[in-house]
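Asks: Pasted the sequence and its predicted model underneath.
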Amino acid sequence: MSTIRTQFGPVTDFTITLNGLASGAARSSLKVENQNSRCIDAICQFKIKPATGSLGDRYAVYFFAWGAADDDAPIFPSGVTGVDEPVSVALETLSIRQVGSLYVPSAGIVISPPFSVAQAFGNVLPPVWGVLAINRCGLTLDVSDNIAFWRGVQFEVL
């Protein structure tokens, strides 16, 4: 009789420049190609360090997932190109799904809980995907110590 259990891949840093991200600005990650690893989910986590100053109206950094079904000629959401770059978006009109947010009560390091990326796509991770961070905490993120990483989730048959 076989046993099926989840297996977690290695911790992998996102290629996304969060250091120095201004309040009100958004940044997209480099695309993650899933067609070979065939992960069913990706668990991501973020470490945010805002600079000192006064908090803004939303007091949070928001995280969204974007993806594409065609890995040969991916079609991304408006403004996303699959590379680590600034993206012009309005939080209220964003057409991609939120995977989590990180409340920022004050300056200093804040660590998010783990977020599932697949839930943004009906619980199936697409062949190509990435994340988008929108800083709405009212403080620019510090020039260092901001990181984002993920681990793939697969099934293992024993």
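Replies: Cool, the structure landed.
Asks: so which strand or helix has the residue nearest to the spatial centre of the chain?
Replies: Against the mean C-alpha coordinate of the chain, by CA atoms, centre = their mean, the closest residue is residue 131 at 3.4 Å. Using DSSP states H and E, residue 131 falls within strand 128-135.
Asks: thinking again about what came up before, dig out what the residue nearest to the centre of the chain forms beta bridges with.
Replies: Note on residue 131: beta-bridge partners by DSSP bridges are residue 65.
Asks: And for residue 148?
Replies: With DSSP bridges as the criterion, the beta-bridge partners of residue 148 are residue 46.
Asks: In this model residue 130 seems to touch it, though I could be wrong.
Replies: No - if you go by CB atoms under 8 Å, residue 148 and residue 130 don't touch, sitting 10.5 Å apart. All C-beta atoms are positioned from the backbone trio N, CA, C, and that covers glycine.
Asks: Mutual contacts of the two, please.
Replies: Counting by CB atoms under 8 Å, 6 or more residues apart in numbering, the contacts common to residue 148 and residue 130 are 14, 29.
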